[in-house]
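Visitor: From the sequence below, what's the structure:
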Amino acid sequence: MTPYFIAHTPQELGIAAGQRAASLIKETINQKGSANIILATGTSQFETIRELISDPEIAWEHVQMFHLDEYIGLPITHKASFRNYLLERFVNLVPTLQMAHLIHGEIDPEAECKRLGALIHQHPIDVALVGIGENGHLAFNDPPADFETENPYIVVALDEACRAQQMGEGWFDSLEDVPKKAISMSIKQILKSRHIICSVPGERKAQAVNDCLRSDISPLFPASILQSHPNCEVYLDTESAKLLPHA
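Guide: Down below sits the predicted model:
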C-alpha cells in the first residue's frame, strides 16, 4: 500500500508535504545540478506550496516548473485560472526560478499539448506535487481515466462531479460557469516523475482517498494508479484519512 502520513490539520499536512518536497528538490539539485518539478493547484495545495517556497536553501535558479492542468477558454484574469494561481502563489514569489512552463488555455489546445509535450520530454520530472479530486481524479483525468495514452498532455472533458467541486471550492459562481474542457497532463506522464508528493486535506476528499488507496487500481478511481509508483508519498489530515484503517 502507498505510504501515507496523517497530520492533525491541513496546515500541519502542508508543512510536512512542503518540507519533504523541498528536501527532494535540494537533493536532486545536489546530485545532478538541476531539478524539474510539477506543481498542482487548487485549495489542497495552498499550504504545501506556501511551505515549499519558504525554504531559503532551494536554488530556484536551477529549477524548471511544469503544471498539471488548465481550463480551455478561461481568461488568465479569471480567479479560477490555474496560470493565475501559480503566478500569484509561486512564480511571482520565486523571482530566481529558472523557468515556468505554464499551460495556455486560450490558444489552440491541440497545439498547446504538442508544445508542452515536447518541452517535458526534454525535462524529465524529478518531483511532482499532486492532489486527489473528490471524484478521484488525478490532474484533470476524471473517471474513467485514460491509463494508456502516451501523450504527455491531452484534452479532456470534465465530468459534472469535477465541475461541481470547482464551484464548491468557490472558484466559480455557478456550475454553468465552469468550463467543460481542459488541458491535462496525462496519467502516464505523471507516473514518469521520479518522486510524487500527494497532498489531500479535508473531509470532502475522504471517500476518494479511501477508494484510491485501498481499492484495486482502476480507471474508475484514477488516483489509484499512484499505488503502482515506487516513490509516491501521500499526505493526509485526520479528516481526509477518516475512512482509512486506524486513522
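Visitor: From residue 24, how far off is residue 234?
Guide: According to CB to CB, to the nearest Å, residue 234 and residue 24 sit 15 Å apart. (Each C-beta comes from the backbone N, C-alpha and C, glycine too.)
Visitor: Neighbour count for those two, which is higher?
Guide: When residue 234 is set against residue 24 and neighbours are counted by other CB atoms under 10 Å, the residue ahead is residue 234, at 27 against 19.
Visitor: what does the worst-scoring helix or strand of the chain on mean pLDDT rub up against?
Guide: The helix or strand of the chain with the lowest confidence, counting by mean pLDDT, DSSP states H and E, is helix 160-168 at a mean of 89. Among residues not part of helix 160-168, those counted as contacts by CB atoms under 8 Å, 6 or more residues apart in numbering are 80, 133-135, 137, 140, 142, 172-175, 177-178, 180, 204.
Visitor: element containing the closest residue to residue 243 other than its chain neighbours?
Guide: Among residues not flanking residue 243 along the chain, residue 210 sits closest, at 3.9 Å (CB to CB, 6 or more residues apart in numbering). Residue 210 is located in helix 206-214, with elements delineated by DSSP states H and E.
Visitor: Show me what the mean pLDDT comes to for that helix.
Guide: Within the predicted structure, the mean pLDDT of helix 206-214 is 96.
Visitor: Would you mark the buried spots in it?
Guide: 206, 208, 209, 210, 211, 212, 213 (16 or more other CB atoms under 10 Å).
Visitor: And for stretch 218-230?
Guide: If you call a residue buried by 16+ other CB under 10 Å, then stretch 218-230 has these buried ones: 218, 219, 221, 222, 223, 224, 225, 226, 227, 229.
Visitor: what about it, average pLDDT?
Guide: Looking at stretch 218-230 alone, the average pLDDT works out to 97.
Visitor: and it, how far apart are its ends?
Guide: With CA to CA, to the nearest Å as the measure, the ends of stretch 218-230 fall 17 Å from one another.
Visitor: Enumerate the beta-bridge partners assigned to residue 233.
Guide: Per DSSP bridges, residues listed as beta-bridge partners of residue 233: residue 197.
Visitor: Read off the pLDDT value for it.
Guide: 97.
Visitor: how about the helices of this protein, start to end?
Guide: 10-32, 46-53, 82-89, 109-122, 160-168, 187-191, 206-214 (DSSP state H).
Visitor: In CSV, list these along with distance to residue 199.
Guide: Listed next are the helices of the chain as CSV, based on distance: least, CB to CB, whole Å:
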stretch, distance to residue 199
helix 10-32, 5
helix 46-53, 5
helix 82-89, 14
helix 109-122, 21
helix 160-168, 16
helix 187-191, 14
helix 206-214, 11
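Visitor: Run a quick neighbour tally on the residue nearest to residue 231 when sequence neighbours are not counted.
Guide: Computed as CB to CB, 6+ apart, the closest residue to residue 231 that is not its neighbour in sequence is residue 195, at 4.7 Å. Taking other CB under 10 Å as the neighbour definition, residue 195 ends up with a count of 21.
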